[in-house]
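Asker: fold the following and give me the result.
(one chain, ligands or ions: 2)
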Amino acid sequence: MSEKSSCACEHAPIDAANDKAAAPHNLAKNESTGGQDTQSLALKIQNMDCPTEEKLIRLSLKTVAGIAALDFDLLNRILTVHHTLSNTDIIFSKLKEIGMSALPLPATTTASATTQTQTPSVSRRQIITMSIAAVAAFSSEFLAWRGAANDSLPVIMTALIAVFAGGIPTLKKAWVALRHLSLNIYLLMATAVIGAVAIGQWPEAAVVIVLFGIAELIEAASLDRARNAIAGLMAHAPETANTLQTNGEWKDSPVNEITLDQMIRVRAGERIALDGIVASGHSSVDQAAITGESMPVEKRTGDQVYAGTLNQSGTLQLRVSSLQADTMLSRIARSVQQAQSQRAPTQSLVDQFAAYYTPVVFVVALLIAVLPPLLGTNSWHDSLYQALVLLVIACPCALVISTPVTVVCGLALAAKRGILIKGGLYLEQGKNLRLIALDKTGTLTEGKPSLTDVIALAHLSQAEILQIAASLEAGSQHPVAYAILSRHAESGENLMPVLHFSSITASGVNGEINGQRYSLGNLRMFESLNLTLAPEVKKILDENLAQLEQQNKTVLILADTRHVLALLAVADKLRVSSQTAVRELQTMGIDLVMLTGDNAQTAKAIAAQVGISEVRSQLLPEEKLLAITQFSDKQITGMVGDGVNDAPALARAHIGFAMGAAGSDTALETADVALMQDDLRKLPEFIRISKQTARVLWQNIGFAISVKILFFALTLTGHSSMWMAVFADTGTSLLVVLNGLRLLRYQVSSVSETSSS
Ligand SMILES: Nc1ncnc2c1ncn2[C@@H]1O[C@H](COP(=O)(O)OP(=O)(O)OP(=O)(O)O)[C@@H](O)[C@H]1O
Ligand SMILES: [Cu+]
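Answerer: Ligands and ions are numbered 1, 2, ... in the order given. Sure, this is the predicted structure:
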């Protein structure tokens, strides 16, 4: 065998490198195509189930010039071909050659493909023919056991029926593999069966191939379940919605025909079909499908509601705010789907192991077949038989299949709980987190501060101060601006026009109102103005500043070009859940550090309230980034933020968590792990899911390897038979898949949940 024999079975490990290149973000331009625009063709391949088929497809498409990369999503049976071809017919004919029929999918709807109900992998016909094969195979074995010769006519006849009814798909796939000089489980099976026949072991041949066929069917059926774990996330949104027609009547229409800004009506007890803004009505909505949060949320006019969530009490009229493919629910499904097509580290490890394991066993089998008879220590017949048994256990199937199934189930479990993980890598790394840096505003606190004090230090009245401050803040997105603007809105006054507005990150805002230049911001900003203050003003300013900070408030200074005009103070509330989360994380042995742009006094006070001892305050965004860089050089570091102006720090951390992702697109996109709910307790929950996934992963790997070792030993000492090996091999595959699926039912019970409910 050529270089291909190094990747004998299943998941072709040589392709691990290609997979990196095929990751969607690296694809925009492909070097090998000289910068030409690469197009993507998404194909649904109904009979692409198993990693072996991935290998075959790669081999067969490798020869086509103009194909840049291949993306495999085996679980959803979607192959994405990135190419520069003007005519894609060649792809279809190449696939046909290896017995695969491909159906093109519109490139943008790969996500909604998950929403379609999948045709089950195992048809009724397959079950019936397999049953016939099973009966025939066991009759053959039975006849032989009752004393008929292994190569007597009735035994051969029943064995042949078994092979024809149950073995044809296996033999066919083996033939394709042979033609492409690739060694896979089907070829091994076929070799074993033909070998058995050659040495006159007809019943053995029949039983082996039928057992293998049955196991393949069961495995396909259980993979369906893993597949549905993700499709199940999408099953929640209804396919039709009650929409307002132009003639004023309400009519049910299919969701994919509904356009933006159309009005839809959702009655109590119905699921919402599309994302929208409540236009009228009042109800409580169960948002578990999106946030994993079990408590219903009150919704009234102006509130955002999501597709897939359950309207519990009143009728709601909504203005549709996103099309079916763009709903939060679709984006979650798409994100999980993308996550699972990227290989997790353990998977690459396992693939690498498989790359060595199989050829080694193959060589050993060869030696066992040839050496003892040549040395005269064993007969040709027995040696050949032993070698064939070894071939059966040469297949690392169980090992290779268990990892992706387990990871997918872990991802699906987390998604169900409102934790969106962007790749198996983060799921695996979660358990290794040693330090987590937390942003203060919007992460530990609610991020919705309210204005508590307005202290005039010059000639302006409180109302005038508020009006100037609010006008300046109108152009800012900062939570502080929100506090000032919402207080101003209550006064009913108008905002004044601002010229030359600028907003300085982590400092404040400035601009010109009625010909006068003003600035509003923290002490840093004020000091940069370099005002010379009269000693008595300076004294009053310092006293007030100290006093407000003593009360743990964030203080802003309003000044014009010559005078300090006022102090404004805002205070933010700690989230109730933060304290519990902090305690849980500390119990897990994780160090916590609070990073904030706010003043030292307030920062320290908030940290003390939640129980965090290490605080870094008055940080600029680049200083936050620097801190994260230092932390992550030393240990596995996580960073939690809202994703708005801490995106670089989130990206630098090993795992960047964004809070409240259901409300913010940036958060959803920048984070490695998006917590859909504004609840820090999702963090320990994520770590627990990560630990449980790792546990199942290693159980599976340990189990699969032990069975292999056991059979290796049994075979070398002449204690195993071929059907035992098949049984062990396929049985192991099955058990590891089922063990992986168990994750879906894992109860992520947490201390905080039981104590707070
Ligand atoms: N638009 C603004 N108006 C007034 N002051 C501002 C504005 N933006 C920032 N500041 C001041 O700069 C400080 C630092 O801001 P920054 O956004 O870095 O951190 P933060 O929101 O206070 O806290 P965290 O870093 O925990 O999110 C704020 O505490 C506030 O005093
Ligand atoms: Cu295999």
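Asker: hang on, M100 in a strand?
Answerer: No: read with DSSP: H, G, I helix; E, B strand; the rest coil, M100 is coil and lies in no strand.
Asker: just the strands in the stretch 401-550 of the chain please.
Answerer: Shown for the stretch 401-550 of the chain, the strands assigned by DSSP state E, counting those that start in this stretch span residues 419-421, 435-439, 450-456, 499-504, 508-513, 516-521.
Asker: make CSV out of those and add distance to ligand 1 and mean pLDDT.
Answerer: Using the backbone N, CA and C atoms, a C-beta is placed for each residue, glycine as well. Below are the strands of the stretch 401-550 of the chain laid out as CSV (distance: least, Cβ to the nearest ligand atom, whole Å; pLDDT from 0 to 100):
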stretch, distance to ligand 1, mean pLDDT
strand 419-421, 22, 89
strand 435-439, 5, 94
strand 450-456, 11, 92
strand 499-504, 6, 91
strand 508-513, 4, 93
strand 516-521, 4, 94
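Asker: mean neighbour count for the ones you listed - can I get that in TSV?
Answerer: Output for the strands of the stretch 401-550 of the chain, formatted as TSV (neighbours: other Cβ atoms under 10 Å):
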stretch	mean neighbour count
strand 419-421	27
strand 435-439	25
strand 450-456	17
strand 499-504	13
strand 508-513	21
strand 516-521	20
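Asker: which among these is found nearest to L734?
Answerer: For the strands of the stretch 401-550 of the chain, the distance to L734 is smallest for strand 419-421, at 26.6 Å, taking Cβ to Cβ.
Asker: can you give me the neighbour number for K96?
Answerer: A count of nearby residues for K96, using other Cβ atoms under 10 Å, gives 12.
Asker: quick check: it vs D89, distance?
Answerer: 10 Å (Cβ to Cβ, to the nearest Å).
Asker: likewise for L472?
Answerer: Taking Cβ to Cβ, one finds L472 at 63 Å from D89.
Asker: the more surrounded of the two?
Answerer: L472 (27 against 8).
Asker: pLDDT value on that one, please?
Answerer: L472 is assigned a predicted lDDT (pLDDT) of 94.
Asker: I figured it was touching I513, is that so?
Answerer: Yes: between L472 and I513 there is a contact under Cβ atoms under 8 Å: 7.4 Å.
Asker: so what sits against both of those two?
Answerer: Listed as contacting both L472 and I513 by Cβ atoms under 8 Å, 6 or more residues apart in numbering are V498.
Asker: who's in contact with E97?
Answerer: E97 makes contacts with S60, as judged by Cβ under 8 Å, 6+ apart.
Asker: actually, L568.
Answerer: Counting by Cβ under 8 Å, 6+ apart, L568 touches 451, 453-455, 465, 469, 484, 520, 555-556, 558.
Asker: now do 7 Å
Answerer: 451, 453-454, 469, 484, 556, 558 (Cβ atoms under 7 Å, 6 or more residues apart in numbering).
Asker: report pLDDT for whichever residue of the stretch 151-300 of the chain sits closest to ligand 1.
Answerer: Closest contact between the stretch 151-300 of the chain and ligand 1, by Cβ to the nearest ligand atom, is at T291 (22.1 Å). Predicted confidence (pLDDT) for T291: 80.
Asker: same question for L43.
Answerer: Confidence score, pLDDT, at L43: 87.
Asker: I'd assumed K96 was in contact with it.
Answerer: No: using Cβ atoms under 7 Å, L43 is not in contact with K96; the gap is 12.0 Å.
Asker: what does the stretch 501-650 of the chain put close to ligand 1?
Answerer: 503, 506-509, 520-522, 554, 556, 596-598 (Cβ under 6 Å from any ligand atom).
Asker: let's see it at 5 Å
Answerer: Proximity of the stretch 501-650 of the chain to ligand 1 is confined to 506, 508-509, 521-522, 554, 556, 596-598 under the rule Cβ under 5 Å from any ligand atom.
Asker: in the stretch 601-750 of the chain, which spans are strands?
Answerer: 614-616, 637-641, 655-658, 673-675.
Asker: picking up where we left off before, any idea how far the residue of the stretch 151-300 of the chain closest to ligand 1 is from D678?
Answerer: Taken as Cβ to Cβ, the span from T291 to D678 is 9 Å.
Asker: looking at those two, which is more packed in?
Answerer: Set T291 next to D678 and count neighbours by other Cβ under 10 Å: T291 wins out with 26 against 20.
Asker: can you report how many residues neighbour A273?
Answerer: 26.
Asker: list the contacts of it.
Answerer: With contact taken as Cβ under 7 Å, 6+ apart, A273 is in contact with 237-238, 241, 255, 264, 307.
Asker: what's the closest non-adjacent residue to it?
Answerer: Spatial nearest neighbour of A273, excluding adjacent residues (Cβ to Cβ, 6 or more residues apart in numbering): A241 at 3.8 Å.
Asker: buried set for the one helix or strand the one you found maps to?
Answerer: Taking DSSP states H and E as the criterion, A241 maps to strand 240-244. Of all the residues in strand 240-244, those buried under the rule 16 or more other Cβ atoms under 10 Å are 241-244.
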